[in-house]
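Chemist: Just to be clear, the model below is a prediction. Sequence and coordinates:
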Amino acid sequence: MSLDLGAILAKHGNDPTRLLQILRDVHAADGLARPETITAIARALQLPRARVEGVAGFYSFLGTEPRGRFRVLFSDNIVDRLQGSVELRQRLLDAFQVGLGEVSRDGLVSIDVTSCTGLCDQGPAMLVNGRAIPRLTPARIGAISALIRGRSPVEEWPENMFRIDEHVLRRDLLLGTPFAPGEALSAAIDRGAARTIDELKRAGLRGRGGAGFSTATKWQACRDAPGPQRFVVCNADEGEPGTFKDRQLLAEHADLVFEGMTVAAHAVGAQRGFLYLRAEYPFLLPHLEAALEARRRAGLLGGEIRGVRGFAFDIEIHVGAGAYVCGEESALIESLEGKRGIPRNRPPYPVTHGYLQKPTVVNNVETLAAAALIARHGADWWRQRGTTQSSGTKLLSVSGDVARPGVYEYPLGVTVQQVLDDSGAGDVGAVQVGGPSGVLLSRHELGRRIAFEDVPSAGAFMVFDASRDVLEIVDDFAHFFAHESCGFCTPCRVGTTLMAQMTARLVAGKGTRRDVKDLSRVAGAMKSASHCGLGATAGNPVLDALEKFRPSFDRRVASREVLPTFDLDEALAPAREVTAREDAGAHFPEES
Amino acid sequence: MTDAFSLDGYDVPFTGGQTILQAALAARRYIPHLCYHPAFRPHGSCKVCTVKVNGRTVASCTTPARAGDEVESESPEIRDLRRNLVQFLFVEGNHFCPSCEQSGQCMLQAVAYDLGVTRLHYTQMFPDRPIDASHPEVLLDFNRCILCELCVRASAEVDGKSVFALSGRGIRKHLIVNAESGRLADTNLAVTDAAVSVCPVGVILRKRRGFAAPIGQRRYDPKPIRAMDEPADGEEG
């Protein structure tokens, strides 16, 4: 590997807002951000050095620690685990005689875990030097260790290893309506900006990223905000474990998404757009860049779009670096500005003070695709599906214990049971709708509906059969949140870690009734006092599970109220070493 | 007529742009807080100043005051929430009050007393946080850091130096200094910097003057924090 920092800095125009992209390029070339590299970047961008170091230290895929020439990251969502990822991981660790999170002695390989990589429909999955490999099997692990051992560059590995399949198993309005690039934009231009927003309002379109905020209200507020400059941001930081529907949309309907962004730009008067792509989806990048280029050639991006004077808009792709919290819109904007992804204090909201403190619309991938089709076909067309409060359709990423995992598009209001029937679920024990931050449903709630007024979903739909232990599922989610907390506020920073420690103790059979009680106390504090949605929802799986799956906890609770938090006998180990004793008298008696 | 909101039943007047905490402190109604300091823009990270406004919990330091709002601060529920958060801060770091030279001068300790925090409740995390004694005049003991970012803000906004920043994420978030070596001695920090005196706990300490105030004369000895005139800013009074 060789680092030409000058070339990287020049490519990004020494622009501090490009810091994240600069650090990504540094990592691609050098494997880490060395202290002297950080100093040089800081000097070139005229930033305090500590600020650059702070950014490098924030994102999972960046960092200042050396890693292996081959950096292997196993996706560690519960669905990957159910598909056998832990055993496969162990196989690779054994092959290189290296511990999890360590670098092999020769510096060849490091193996670790990462949060869900968005391939639950074709897991277990991993990333090798940032490239995604789905459908891992023992044979595939064998092939991968041989390639690493042979020091074969990842770019030269067999192409079929990286093949990502898109399984769309039910199409409705969004995925089933033919679309020709430019037609939504023409319709929006003909209708005019104000009436396009009215149309969205009549359609009742609500954000597909989870919060369900009215899209028309957001666009209107941005349009009304003072100032000449505006921005449109597509949130493609699809990080909620178990979600992969945006991946599918971007892979097969990129034009529709970009068209939605352009319609938004026309409606609010924006000149620049960003698509914030999660780092786990680099395989989409060439295709997305090509789609943007084709749109520029077709006059759908650039100056005087569709011949409209003064309507200039272009889109650039910004790639993340491994941080779930950047799915929160103000954290995403911070990240776009080249900073640590910390959610901002609100008000003011991004619609008035967003990117570079300018009015900014941030919408989810699916929201923008829907907006484009509504601009083309009208509100009534959209309203023919869904319920009064939840109009239209919703994409669900179905995974876990089902015969047919993949993307399903349903009218909102569909019952959970319907989705389970269509995807071939067997003896269902629990369903996690909306991902870890969503709602955990028991088998008694399968008649409930996916809709804003009942069970809202940002898109994840993970199915667990009755043989699965809910406590282990919850433990996986607790560790996810502890890993992804940005650390800004006390309740989330400390609460997520305390929660993960307690669920881990319970899983290990070392938890007490006190731990079970404290789980509610911690989750309650996080819900009441957290700075953003991540912390406010991080306790949801624990609270849901305590309410609906209590036996799963009680079964694992040690019989006593209090257990020592450290191992007395282990604490004597140094004394045994010093005295060279190993007899029974040098040990505490075994606890019964 | 002045605008006012109700804080635990008392009318608190406010002027435009004030947040709930700012207005409450101006009216000498104490709301426990740690990361807020009157000289800086509200930060909103410690969440100890959380109150309930019309039934919703919010950080009072960053929430604009609004006429007619019903704000609940000293209720058992909110006090218990704050107690919980302060316990979080204690178990996250290494806080050993009896041997700490800031004991009696420390805002974390004073707020803990105010809230009646008498035990840690949770298992301590005992993080490994080596001290930095490289600087000739200033010692950094990261064990006591509560990540309020006051030194970060003071160094950037008052001193114009950006000596401090944060790195890492989640529970591994930590204070760093602006030097390739990672050592305070290699920064341009001066002992007279605002960043040195702003620390509300015992992270940033002047060398060669430990335990300067005798017991009985320490900042929070004469009266409890809620009875003090001004929010302390780390400088010995």
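Modeler: Right, received. Where do you want to start? Residues are numbered from 1 along each chain as shown, chains lettered A, B, ... in the order given.

Chemist: dump the residue contacts of A:Cys532.
Modeler: Contacts for A:Cys532 (Cβ atoms under 8 Å, 6 or more residues apart in numbering or on different chains) come out as A:Val325, A:Glu328, A:Ser330, A:Ala331, A:Pro343, A:Cys489, A:Cys492. In this view, the C-beta of every residue, glycine as well, is placed from N, C-alpha and C.

Chemist: Just the buried subset of these, please.
Modeler: Buried members of those, scored by 16 or more other Cβ atoms under 10 Å in any protein chain shown, are A:Val325, A:Glu328, A:Ser330, A:Ala331, A:Pro343, A:Cys489, A:Cys492.

Chemist: Could you name the helices and strands sitting against the helix or strand where the fourth one lies?
Modeler: Okay, so that is A:Ala331. Assigned by DSSP states H and E, A:Ala331 belongs to helix A:329-336. Contacts defined by 3 or more Cβ pairs under 8 Å, 6 or more residues apart in numbering or on different chains; DSSP states H and E place helix A:329-336 against strand A:231-236, strand A:272-277, strand A:360-364.

Chemist: how about the strands of chain B, start to end?
Modeler: For chain B, the strands defined by DSSP state E occupy B:3-7, B:10-14, B:50-53, B:56-59, B:70-72, B:138-140, B:164-167, B:174-177, B:204-206.

Chemist: Out of the ones you listed, the one nearest chain A is which?
Modeler: For chain A, the closest of the strands of chain B is strand B:164-167, at 3.4 Å, according to Cβ to the nearest Cβ.

Chemist: Would you give the sheet partners of that closest one, along with the direction of each?
Modeler: strand B:174-177 (antiparallel) (DSSP bridges).

Chemist: Average pLDDT for the partner strand, rounded please.
Modeler: In this model, strand B:174-177 carries a mean pLDDT of 98.

Chemist: Output it as CSV, nothing but the C-alphas.
Modeler: Output of strand B:174-177 as CSV, limited to C-alpha atoms (Å, rounded to 0.1, in the frame of the first residue of the first chain):
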residue,chain,number,x,y,z
HIS,B,174,-12.6,10.4,25.4
LEU,B,175,-10.8,13.7,25.7
ILE,B,176,-7.8,14.2,23.5
VAL,B,177,-5.3,17.0,23.2
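
Chemist: So what touches it?
Modeler: Under Cβ under 8 Å, 6+ apart, the answer for strand B:174-177 is A:50, A:53-54, A:57, B:129, B:132, B:140, B:142, B:145, B:147, B:151-152, B:163-168, B:182-184, B:186-187, B:189, B:203.

Chemist: returning to that earlier point: mean neighbour count and mean pLDDT added to the helices and strands packed on helix A:329-336, as a markdown table?
Modeler: Below are the helices and strands packed on helix A:329-336 laid out as a markdown table (neighbours: other Cβ atoms under 10 Å in any protein chain shown; pLDDT from 0 to 100):
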| stretch | mean neighbour count | mean pLDDT |
| --- | --- | --- |
| strand A:231-236 | 27 | 98 |
| strand A:272-277 | 23 | 98 |
| strand A:360-364 | 28 | 98 |
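
Chemist: export the ones you listed to JSON lines and tack on distance to chain B?
Modeler: Formatted as JSON lines, these follow (distance: least, Cβ to the nearest Cβ, whole Å):
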{"stretch": "strand A:231-236", "distance to chain B": "20"}
{"stretch": "strand A:272-277", "distance to chain B": "18"}
{"stretch": "strand A:360-364", "distance to chain B": "20"}
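
Chemist: rewinding a little: what about burial for the contacts of strand B:174-177, which qualify?
Modeler: Neighbour-count burial within the contacts of strand B:174-177 applies to A:50, A:53-54, A:57, B:129, B:132, B:140, B:142, B:145, B:147, B:151-152, B:163-168, B:182, B:184, B:187, B:189, B:203; the criterion is 16+ other Cβ under 10 Å.

Chemist: from the strands of chain B, which stretch is densest packed?
Modeler: Counting by mean count of other Cβ atoms under 10 Å in any protein chain shown, strand B:164-167 has the highest mean neighbour count of the strands of chain B, with a mean of 24.

Chemist: what residues go with each domain of chain A?
Modeler: Chain A is divided into the following domains under automatic domain parsing: A:5-56, A:70-162, A:169-383, A:393-468, A:471-554.

Chemist: How far does the longest one stretch from one end to the other?
Modeler: By that I understand domain A:169-383. Distance across domain A:169-383, first residue to last, is 22 Å (Cα to Cα, to the nearest Å).

Chemist: and the domains of chain A as CSV, adding distance to B:Ala65?
Modeler: Formatted as CSV, the domains of chain A follow (distance: least, Cβ to Cβ, whole Å):
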stretch, distance to B:Ala65
domain A:5-56, 32
domain A:70-162, 39
domain A:169-383, 13
domain A:393-468, 31
domain A:471-554, 19
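
Chemist: of the ones you listed, which approaches B:Ala26 most closely?
Modeler: Across these, B:Ala26 has its closest neighbour in domain A:169-383 (20.2 Å, Cβ to Cβ).

Chemist: So which residues on the stretch 451-592 of chain A come close to chain B?
Modeler: Neighbours of chain B within the stretch 451-592 of chain A, by Cβ under 8 Å from any Cβ of the partner chain: A:482-491, A:493-498, A:501, A:518, A:521-522, A:525, A:528-531, A:565.
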